[in-house]
Structures are given as C-alpha cells and as structure tokens.
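K.L.:
Give the three-dimensional model of this entry:
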Amino acid sequence: MDYKYSQRGVSAGKEDVHKAIKGLDKGLYPNAFCKIIPDIAGGDPEYCNLMHADTAGTKTSLAYLYWRETGDLSVWKGIVQDAIVMNLDDMACVGCVDDIMLSSTIGRNKHYVTGDAIAAIIQGAAELVSELKEMGVNLHLTGGETADVGDIVRTADVGFTAFARMRRKDVIETAVKPGDVIVGLASYGQASYEQRYNSGIGSNGLTNARHDVLSHEYAAKYPESYDRVNIPEDLVYVGKHKLTDSYEGLDQNVGQLLLSPTRTFLPLMKELLRDHRTNINGMIHCTGGGQTKVMKFVEGLHVIKDNLLPTPPIFRLIQDSSGASWKEMYQVFNMGHRMEIYTDEKTADDILKLAEKFQIDARIVGRCQASDKNRLDIEGEESLTYS
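P.N.:
Predicted structure coming up:
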C-alpha cells in the first residue's frame with residue numbers, strides 16, 4: 001500500500017513534512033497533540049492560543065464523483081464536516097472543546113464544480129455549526145476565502161483553519177505512563193447526534209480507498225478526478241465496485257460508505273473533560289498513522305492493544321479490494337476506533353458509561369507497560385508489532 005500511495009502522489013507517513021518541520025519550535029507544551037503558543041490574542045500569562053489547519057484531503061475527489069453520478073449535493077456538507085472535524089478533534093486532544101473560531105479556504109475548478117456545489121459547501125458549514133451548538137459545542141464561523149483556481153485544482157479542495165484561546169491550566173499535554181489503560185471510542189455506528197450509520201472511514205487513506213475499490217470506468221468518465229500525468233494507468237480506479245453498488249446488506253451503497261462524514265467526538269469530550277480533565281494522561285486522534293499514531297507521543301513505553309473493537313465492514317472492503325497487508329491497513333486507517341483516551345481504570349469505567357449515553361461503542365482496547373524502547377503490539381486481524 002505504501003508503494004501505491006507513493007505512486008499515486010501521496011504519503012501515509014508524511015515523511016517529507018516531518019523532515020521539513022524537524023527542529024522548529026514546538027510551542028509551550030512540546031508533547032501536546034497540537035502546537036500551543038502564548039496568549040498573543042489577549043496577552044494574559046494564564047492563557048494560551050492554538051491554531052490548527054486541515055482539509056478533507058482527496059475525499060473531495062470522491063465526493064465529486066458521487067455528486068456527478070447521482071446529483072446528490074449533500075455529499076459536500078459531508079466534506080465540510082470532514083475538514084472541520086479533522087481540526088476539532090485534534091484540538092480536543094489538548095483539552096480544547098468549545099468556543100473555537102473557524103475560517104474556510106475553498107479552491108475549485110469552476111469548469112467542473114458549479115455554484116450549487118459551492119453553496120452546499122458554505123451552507124453545510126453553517127448547518128454543522130448550528131447542529132453542534134444544539135449539543136453545547138460553540139463554534140464561530142469567521143468567513144474565509146473561496147477561489148477559482150482551476151490551474152492548480154482539478155475539482156475542489158476544502159480546508160478550514162481553527163483558532164481558540166484557553167486557560168493554560170486546562171491544557172492536556174500527552175504524558176502516557178505505565179499502568180495506563182486505553183479507552184477506544186468507535187469511529188463507526190450511529191451516535192445519538194448522528195442522522196445515519198457512519199462507516200467509520202474518517203478522512204485518511206481515501207486516495208487508495210477510492211482507486212482500489214472503484215471501477216476503472218470512472219477513469220474515462222471523469223478524467224479530471226485524478227492526476228492523469230503522473231499516476232500510472234494500472235493504478236487508476238482498479239477496483240470492481242460502482243459507487244451505487246450495495247455491500248454486505250448494509251443500507252448504504254459503496255459510495256456512501258466511503259463518504260461517511262468523519263465523526264466528531266466533541267459532544268462526548270466536552271462532558272468528559274468537565275468531570276475528568278485531571279485524570280487523563282493523553283488523548284490520541286488516530287488519523288495520519290492510524291493505530292500507530294500514539295508512537296509519535298510516547299517515550300520508553302510498550303503500548304499493547306489486544307482488545308480492539310470489531311473491524312467495520314468498510315475496512316474489510318478496502319483490504320479485500322487493495323490486497324494490502326493488515327499491517328499496512330493498521331498504519332493507514334483507524335480500523336474501528338478513531339479516538340484513544342489514556343487514563344486509569346476507574347476513569348475508564350466512567351468514560352465507557354459516558355460513551356453509552358451517546359450511543360458510541362467503546363471499550364478498554366489495551367494498556368501500557370514500561371519498556372526500554374518504544375514498542376506497539378496490536379492483536380487485531382493479525383498479531384502485529386511496530387517499533
């Protein structure tokens with residue numbers, strides 16, 4: 001899969017990015033999940049600022065295909081949710097779960113992406129903000145930039161920048177320790193605040209998922225949906241499925257499963273942090289790096305994940321279509337839980353009860369032990385070791 005990723009112009013590990021930022025200032029809390037800086041906005045030494053930026057990635061190309069095939073404009077709201085949640089849930093990992101400002105950056109090729117689609121994107125952001133406000137999470141849209149940049153964007157690119165100000169005493173800096181247990185919050189199912197089943201796909205690995213799952217007929221029909229110059233033809237839409245195919249008796253088709261909006265855990269996290277902030281030693285958003293993400297934030301620790309949630313159907317579909325090893329799958333995708341909370345056993349029990357309230361599957365998926373070097377063992381579809 002890594003070879004395919006590279007040939008398709010993307011990288012699961014973002015090695016070039018990590019190399020480029022090596023040595024840069026890591027902010028007030030070097031091991032925090034997000035970079036945190038002094039309170040530039042207010043000048044108060046008891047406060048700090050954090051700014052985060054992310055996009056929906058190549059999931060926008062998949063949304064474009066589905067929209068063109070079906071006329072369903074609602075997929076663009078899902079893309080907005082992907083881009084926003086990739087910011088929000090990263091910020092939640094440092095304890096920031098409320099009063100967050102959002103600014104959008106949207107680039108499109110107007111020859112392919114119409115005004116109706118742009119309107120759906122912009123209106124989708126307002127709708128999502130309104131929905132989260134009803135659940136007690138306050139977001140504030142501050143505007144943004146929407147540009148016609150057909151020379152550099154084939155279809156559309158949707159990103160958001162998020163800013164917040166919080167008390168330094170509320171910051172959670174990752175400090176996972178031996179004896180911690182790991183609570184995994186499911187990425188799939190239907191949370192109490194979701195309108196339909198979520199496949200759990202999130203916003204990572206969609207380049208390979210799209211090309212490995214979907215039929216080659218889309219290459220000829222929508223050549224603007226991929227890089228015709230640099231991607232070898234034998235890696236373009238090499239799957240056997242159409243977007244509207246059913247899968248394993250689920251009430252959503254293949255396209256809808258691949259396009260499930262990234263679930264936010266903020267309604268749960270806000271309530272969790274209200275009561276248990278001081279009992280949490282770290283939270284990991286399993287995005288880039290999938291189930292191995294935690295390895296970027298620990299030192300001298302053996303992380304054991306031996307009680308994972310069931311692998312959702314979407315990841316079995318991708319693995320079967322791509323032929324990827326399970327080791328690669330766990331490095332690229334969340335594989336069933338996208339948020340990890342490292343804490344003590346008593347707090348873990350309270351988190352499980354809270355998750356049940358929000359109708360989110362959760363369990364203690366593993367534990368941490370002291371080690372002379374970092375090591376991660378996963379007991380999932382196979383027994384896997386990463387170091």
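K.L.:
Tell me the predicted confidence for the residue nearest to D39 when sequence neighbours are not counted.
P.N.:
Spatial nearest neighbour of D39, chain neighbours left out: Y47 (4.0 Å); criterion: C-beta to C-beta, 6 or more residues apart in numbering. (C-beta placed from N, C-alpha, C; glycine too.) On pLDDT, Y47 comes in at 98.
K.L.:
Walk me through which strands the longest strand anywhere in the chain pairs with, and which way each runs.
P.N.:
Of all the segments assigned as strand in the chain under DSSP state E, the longest by residue count is strand 156-167. Neighbouring strands of strand 156-167 in its sheet, by DSSP bridges, are strand 47-55 (antiparallel), strand 100-108 (antiparallel).
K.L.:
got a list of contacts for the first one?
P.N.:
The reference is to strand 47-55. In this structure, residues lying in contact with strand 47-55 by C-beta atoms under 8 Å, 6 or more residues apart in numbering are 28, 34-41, 83, 86-87, 90-91, 94, 96, 157-168, 171.
K.L.:
Buried residues of it, list them for me.
P.N.:
Within strand 47-55, the residues that qualify as buried by neighbour count (16 or more other C-beta atoms under 10 Å) are 47-52, 54-55.
K.L.:
Would you mind putting those residues into CSV with distance to H276 alongside?
P.N.:
Shown next, in CSV, are those (distance: C-beta to C-beta, whole Å):
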residue, distance to H276
Y47, 22
C48, 21
N49, 24
L50, 21
M51, 26
H52, 23
D54, 26
T55, 31
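K.L.:
ok, so of those, who is nearest A117?
P.N.:
Here the nearest of the buried residues of strand 47-55 to A117, counting by C-beta to C-beta, is T55; it sits at 16.2 Å.
K.L.:
Show me where the stretch 51-200 of the chain has its helices.
P.N.:
In order along the chain, the stretch 51-200 of the chain carries the following helices (DSSP state H, counting those that start in this stretch): 59-70, 74-92, 115-134.
K.L.:
Check the average confidence over stretch 167-175, would you?
P.N.:
The model assigns stretch 167-175 a mean pLDDT of 97.
K.L.:
measure it end to end?
P.N.:
Across stretch 167-175, the straight-line distance between its terminal residues is 19 Å, by C-alpha to C-alpha, to the nearest Å.
K.L.:
hang on, the earlier thing: from the chain's centroid, how far away is the longest strand of the chain?
P.N.:
Between the centre of strand 156-167 and the centre of its chain there are 14 Å (C-alpha atoms, centre = their mean, to the nearest Å).
K.L.:
before we move on, what about stretch 77-87?
P.N.:
When C-alpha coordinates are averaged (C-alpha atoms, centre = their mean), stretch 77-87 and its chain have centres 9 Å apart.
K.L.:
repeat for stretch 127-147
P.N.:
The chain centroid and the centroid of stretch 127-147 are separated by 18 Å under C-alpha atoms, centre = their mean.
K.L.:
quick one: buried residues of it?
P.N.:
Using 16+ other C-beta under 10 Å as the test for burial, stretch 127-147 gives 128-129, 131-132, 137, 139, 141.
K.L.:
Tally up the residues packed near the closest residue to I314 other than its chain neighbours, please.
P.N.:
Spatially, and ignoring its direct neighbours in sequence, I314 is nearest to S199 (4.0 Å; C-beta to C-beta, 6+ apart). Residue crowding around S199 was assessed by other C-beta atoms under 10 Å; the count is 24.
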